[in-house]
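Engineer: I would like the atomic coordinates for the input below:
(one chain, ligands or ions: 1)
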Amino acid sequence: MLPSKALEQRLQTAVLAVLPEADVTTVLVRPCQDTKFGDYQTSALMALAKARKMNPRQLATDVLAKLDVSDLCAKTDIAGAGFLNFFLKPEVLQDTLLGAVQGKHLFFAKAEQPKTVVIDFSSPNVAKPMHVGHIRSTILGDSLARAFRLLGHNVITDNHIGDWGTQFGMLLLGWKTMLDKAALETDPIAELERIYKQLSADCKADESKLEAAKQELVKLQAGDEENLGIWREMIALSQNQFDTIYGRLGVKFDHVLGESFYNPRLKSVVEELKTKGIAKESDGAICVFSDGSVPQKEDPFLIQRDGEWNANPCLIQKSDGAANYATTDLATLEYRLETWSPDKIIYVTDGRQQLHFRQVFSVFRRWRPEVKVQVEHVWFGAILGDDGKPFKTRSGDTVKLSDLLDEAEERSFKTVNEKSADLDEVTRKEIARVVGIGSVKYQDLMPNRQSDYVFSWDKMLALNGNTAPYLLYAYTRIRSIFRKAAEQGVVVAPGATIHLKAADELALAKQLLNFGFVLEGLVDECRPNYMCNYLYDLAGLYARFFENCPVLKAEEPERSSRLLLCEVTAKVLKQGLEVLGIETTEKM
Ligand code: ARG
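Structural biologist: From the prediction side, this is the model:
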């Protein structure tokens, strides 16, 4: 068992010995921010004491008297207002590292109670090119799925593609009246986009076109075979395009259940909400209004205008009888509960959908108060250009994801050509692919997800700084030590152990031990940037170690010990990057 987990368990037992009624699930051990105060600490005793009007330092003293951790810790301390600090024994640290070398663990423990988690992400719209706006959802959602899975949770990924809606009226009319078959062959999405744009313009100028488009939509909704056939073809063409991008990004889905999949359920959702008195008619439409159960400031069905609170209802059915986005999301929730009984459902979309999800979640709670599922909207900010406005091409168009990935690979190919001209072309291309795609992903995951960030080729491809190339380079440097060792006939001595003496060795080792905490923090708050910052610090500590502690030039047993330390560092770097969906390369 990891020493931090063992400490935590024993601490919880000791707390129970002193306070038999305490809820010890909050008694957690965390790494100390500053290692001079210890390796791990808990602040939980202060909260327990406060709730019982006890003296926190006295409680800490009493707990410590019941706590035997002499096999794990060289020292335990009560500090400040009642922190308990733990200093690991060097042997314990060394054994833990050796355990990782031997593949027994990688500094994290699988969840004791695995949860079923549905992650709804990417979810682009049919007949439109995937653009840079979809990238954050795709990359963020994929990283969350990887992290949850690594911790042993049962993850179900679901791509809720937009394959239904009023846009199909125009697309169908366009398909029938102005489709360029040859263009459809070469670039189907561009052609679909063209007919859509052209018809939107035509409809604005010509009422009769708008009417014709509406008729096509009505026919589709009524199940007209011809229109259904065309609609299916448009979906298939789009899916092809999505799959190419997902393939390049290494993203997979367990399910692709588009909005249309839920059409058969929509009527009954509306009916149920009406019978339960949650939704009611308003100007011919069916809406959900505030029930006054939460303070006005937090109520998603109210909006403040000129100092007054006004109704801001959630539309469940339009006056023409059509259901909408929120209705589909309610039906989707119902389906997911029935099918997978999840403990948690995570929706990854941009911040502009916050109100939508607050309303959907609130309607859902009123509709199904007995259901325990946790629903969470994991939202993110925008990608901006240099001018601080949404990122666009020079000509002002949205940036297509495929073009963006091409450019990332091309740019990084240039650097690889300059730096590693000696490698053959296939290898250089492959390195450029890993670095290029990795850079795009890392730039996207590294900022706090709720902040907007400025897209910058130079920054993301820089070899210095908190970037993918920096981390990938750190990884290749470690791998090159092992290549050199092999050339020199150097091997790790059989039965070698790890012993840590130099300050830089100790600092690196302690950072490695914290990997699991970072993983758990990422999963708890759905923030992959925690992993980015951790890996950046790890690479920095490794660089210091490598500068100050000779590896291949050291004498045994130091050399083997340090080689092993290098090996686990590489393992953790690789695993951490994998959580971010970033591949590694052996050379750069
Ligand atoms: N298709 C939507 C869009 O592009 C995102 C769907 C998100 N998922 C959901 N269950 N609403 O904006």
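
Engineer: what is the burial count for Glu370?
Structural biologist: Neighbourhood size, Glu370 [other C-beta atoms under 10 Å]: 4. Every residue, glycine included, has its C-beta placed from N, CA and C.

Engineer: quick check, it in a strand?
Structural biologist: No: under the criterion used here (DSSP: H, G, I helix; E, B strand; the rest coil), Glu370 is coil, not part of a strand.

Engineer: mind checking how far it is from Leu337?
Structural biologist: Glu370 is 11 Å from Leu337, where distance means C-beta to C-beta, to the nearest Å.

Engineer: contacts for stretch 473-480 next, please.
Structural biologist: Residues external to stretch 473-480 that are found in contact with it (C-beta atoms under 8 Å, 6 or more residues apart in numbering): 463, 539, 542-543, 546, 566-567, 569-570, 573-574, 577, 584-588.

Engineer: change it to 7 Å
Structural biologist: Applying C-beta atoms under 7 Å, 6 or more residues apart in numbering, the external contacts of stretch 473-480 come out as 463, 539, 542-543, 566, 569-570, 573-574, 584-588.

Engineer: now for these, which pair is the farthest apart?
Structural biologist: Leu463 and Cys566 (20.2 Å; C-beta to C-beta).

Engineer: and these two? Which one has more around it.
Structural biologist: Neighbours were counted for Leu463 and for Cys566 using other C-beta under 10 Å; Cys566 has more, 23 against 13.

Engineer: look up how far Phe148 lies from the nearest residue to Leu151 once chain neighbours are set aside.
Structural biologist: Spatially, and ignoring its direct neighbours in sequence, Leu151 is nearest to Ala111 (5.0 Å; C-beta to C-beta, 6 or more residues apart in numbering). Distance of Ala111 to Phe148, computed by C-beta to C-beta: 9 Å.

Engineer: the more surrounded of those two?
Structural biologist: Taking neighbours as other C-beta under 10 Å, Ala111 and Phe148 compare with Phe148 leading, 25 against 15.

Engineer: for the more buried one, give me its contacts.
Structural biologist: Contacts of Phe148 by C-beta under 7 Å, 6+ apart are 117, 155, 523.

Engineer: list just the nearest of those residues to the ligand.
Structural biologist: Ranked by distance to the ligand (C-beta to the nearest ligand atom), the contacts of Phe148 are led by Val117 at 14.8 Å.

Engineer: checking Thr76 next. Helix, strand or coil?
Structural biologist: Of the three states, Thr76 takes strand under three-state DSSP.

Engineer: against Met46, how distant is it?
Structural biologist: 16 Å.

Engineer: may I see the buried residues of stretch 499-507?
Structural biologist: Residues 499-500, 504-507 are the ones in stretch 499-507 that count as buried (16 or more other C-beta atoms under 10 Å).

Engineer: what's the burial count for Glu271?
Structural biologist: Glu271 has 13 neighbouring residues, counting by other C-beta under 10 Å.

Engineer: I'd say Ser561 and Ala502 touch.
Structural biologist: No: using C-beta atoms under 7 Å, Ser561 is not in contact with Ala502; the gap is 10.6 Å.

Engineer: which members of the contacts of Phe148 occur in strands, if any?
Structural biologist: Residues of those located in strands (DSSP state E): 117, 155.

Engineer: out of the contacts of Phe148, which comes closest to Ser290?
Structural biologist: Nearest to Ser290, judged by C-beta to C-beta, of these is Val117 at 30.5 Å.

Engineer: can you name the residues bridging to the closest one?
Structural biologist: Val117 has these beta-bridge partners by DSSP bridges: Val155, Lys344.

Engineer: so that it lines up with my notes, have the first residue be 11 from now on.
Structural biologist: Sounds good: first residue 11 from here, last item Val127.

Engineer: can you tell me which helix in this protein is longest?
Structural biologist: In the chain, with assignment by DSSP state H, the single longest helix is helix 235-259.

Engineer: now find how far off-centre that one is within its chain.
Structural biologist: Centre-to-centre, helix 235-259 and its host chain are 25 Å apart (C-alpha atoms, centre = their mean, to the nearest Å).

Engineer: what does that helix contact?
Structural biologist: 134, 136-137, 140, 148, 173, 178, 181-182, 185, 198-199, 202, 226, 229-230, 262, 411-412, 415, 447.

Engineer: return the residues of this protein in contact with the ligand.
Structural biologist: 130, 133-135, 170, 172, 339, 342, 357, 359 (C-beta under 6 Å from any ligand atom).

Engineer: which residue packs closest to Tyr546, ignoring adjacent ones?
Structural biologist: Of all residues not flanking Tyr546 in the chain, Asn476 sits nearest, at 4.6 Å (C-beta to C-beta, 6+ apart).

Engineer: wait, a strand at that neighbour?
Structural biologist: No: under the criterion used here (three-state DSSP), Asn476 is coil, not part of a strand.

Engineer: just checking, it touches Met456?
Structural biologist: Yes: assessed by C-beta under 7 Å, Asn476 is found in contact with Met456 at 6.0 Å.

Engineer: okay, these two: which has more neighbours?
Structural biologist: Each of Asn476 and Met456 has its neighbours counted (other C-beta under 10 Å); Met456 has more, 23 against 20.

Engineer: please name the nearest non-neighbouring residue to that one.
Structural biologist: Cys542 (4.4 Å).

Engineer: list the buried residues in the strand or helix carrying that neighbour.
Structural biologist: According to DSSP states H and E, Cys542 maps onto helix 539-558. Burial within helix 539-558, assessed by neighbour count using 16+ other C-beta under 10 Å, is assigned to 539-542, 544-546, 548-552, 555-556.

Engineer: hmm, who's touching it?
Structural biologist: Against helix 539-558 from outside (C-beta under 7 Å, 6+ apart): 452, 455-459, 476, 480-481, 484, 512, 514-515, 517-518, 521, 528, 531-532, 579, 582-583, 586-587, 589-590.

Engineer: packing partners for the following helix or strand past that helix?
Structural biologist: Using DSSP H and E, the next helix or strand after helix 539-558 towards the C-terminus is helix 568-589. Here helix 568-589 touches helix 100-111, helix 142-160, helix 478-497, helix 513-523, helix 539-558, going by 3 or more C-beta pairs under 7 Å, 6 or more residues apart in numbering; DSSP states H and E.

Engineer: can you tell me what sits against helix 568-589?
Structural biologist: So helix 568-589 is contacted by 107, 110-111, 116-117, 153, 156-157, 160, 481, 484-485, 488-489, 491, 495, 502-503, 506-509, 515, 518-519, 522, 525, 541, 544-545, 548, 552, 559, 561-562, 564, 594 (C-beta under 7 Å, 6+ apart).
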